[in-house]
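Enquirer: task: produce atomic coordinates for the following.
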Amino acid sequence: MANIAFIGLGVMGYPMAGHLKRAGHNMAVYNRTSEKASRWVEQHGGEARETPADAACEQDMIMLCVGNDDDLREVVAGPQGVLAGARKGTVIVDHTTASANVAREMAALCREKGIGFLDAPVSGGEAGAVNGQLTIMVGGDESVYDLVRPVINSYAKMTRHMGEVGSGQLTKMVNQICIAGLLQGLSEALHFAQGAGLDGEAAMSVISKGAAQSWQLENRHKTMLAGEFDFGFAVDWMRKDLSIVLDEARRNGSQLPVTALVDQFYADVQAAGGGRWDTSSLITRLNRGK
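Expert: Coordinates of the predicted model:
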């Protein structure tokens, strides 16, 4: 049993922190919207703290799940950030999807204070967080990873150490590149099936048993055919992630023409009012006017 702070109780963090409490850990939580932290404590127990620094005091591990690079800098290194309260020997596990550069930046600040830092973005969406079935890709010192792995396994079905700090974020970028291409392909396939007069669901049932099988096909084709997108991983979040991907690609010289194109397709969905729709809403671009 460990003393753990969880900072950032959004769609992902709220259930992830719940899994830690159910696993028997002593929990302190912080959220920018204090009402959400109070609601979490009412549901799970533990303590709500007023600042990240307060939450970090006397903890063995501190889990973070915030919005972007700037949020991460503020919650770690701001005047009331984690580093203002954490003791030497604490380990920070950052589940935010952010840039590899900010992971290296935060790790360097933590190192100066004798605090461990792992970048550990997750994949699996809200359902994966609720069901404790996330995939976690981790960058940082392997000995620190070995220390926290039994703890993060409470909400993961797969964890893997990918290398030095930043490697977790780089692996998450690989994940988002794959998802962007898969969803555009699935959107076009369903659009084509409907245009050809096929039963789209029957077509998916057949091809899902062959080489076209994917998680996106299995879990999203029915809602895509029904035009239902009020759930899941929001287009706004995906565009944030793809911006990080494309920035990194410019730095390392990778060519990502399909990813860049799909990013612009997501911009079209945003412009049509779909910023909070699930990423499978790419199909709405193709079905307009039908």
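Enquirer: so who does Val165 touch?
Expert: Contact analysis of Val165 by CB atoms under 8 Å, 6 or more residues apart in numbering lists Ala103, Arg104, Ala107, Phe117, Leu118, Asp119, Gly139, Gly140. For the C-beta atoms, the positions are set from N, CA and C on the backbone; glycine is no exception.
Enquirer: wait, I meant Gln255
Expert: Ala249.
Enquirer: give me the element it is part of.
Expert: Using DSSP states H and E, Gln255 is not contained in any helix or strand.
Enquirer: returning to what we had before: from the contacts of Val165, which two are the most distant?
Expert: Arg104 and Leu118 (12.1 Å; CB to CB).
Enquirer: who's more crowded, these two?
Expert: Using other CB atoms under 10 Å as the criterion, Arg104 and Leu118 rank with Leu118 on top: 29 against 16.
Enquirer: in space, what's closest to that one - neighbours in sequence excluded?
Expert: Gly140 (3.8 Å; CB to CB, 6 or more residues apart in numbering).
Enquirer: how about residues contacting the helix or strand where Ala55 lies?
Expert: Assigned by DSSP H and E, Ala55 belongs to helix 52-56. Residues outside helix 52-56 that contact it (CB under 8 Å, 6+ apart) are 5-7, 28-30, 49, 62, 75-76, 78, 80-86, 90.
Enquirer: narrow the residues you listed to those in strands?
Expert: Ala5, Phe6, Ile7, Ala28, Val29, Tyr30, Ile62 (DSSP state E).
Enquirer: check what pLDDT Arg288 gets.
Expert: On pLDDT, Arg288 comes in at 86.
Enquirer: burial count for it?
Expert: Neighbours of Arg288 (other CB under 10 Å): 9.
Enquirer: if we can go back for a sec, Leu225: which of the ones in strands among the contacts of helix 52-56 is nearest?
Expert: So of the ones in strands among the contacts of helix 52-56, ranked by how close each gets to Leu225 (CB to CB), first place is Phe6, at 37.2 Å.
Enquirer: and the closest one, what is it in contact with?
Expert: With CB under 8 Å, 6+ apart as the criterion, the residues that contact Phe6 are Gly13, Met16, Ala17, Leu20, Met27, Ala28, Val29, Tyr30, Ala55, Ile62, Met63, Cys65.
Enquirer: again, but for Gly125
Expert: Gly232, Phe233.
Enquirer: how much space between the closest residue to Glu218 other than its chain neighbours and Thr279?
Expert: Leaving aside its sequence neighbours, Glu218 sits nearest to Ser208 (CB to CB, 6+ apart; 6.0 Å). Distance of Ser208 to Thr279, computed by CB to CB, to the nearest Å: 19 Å.
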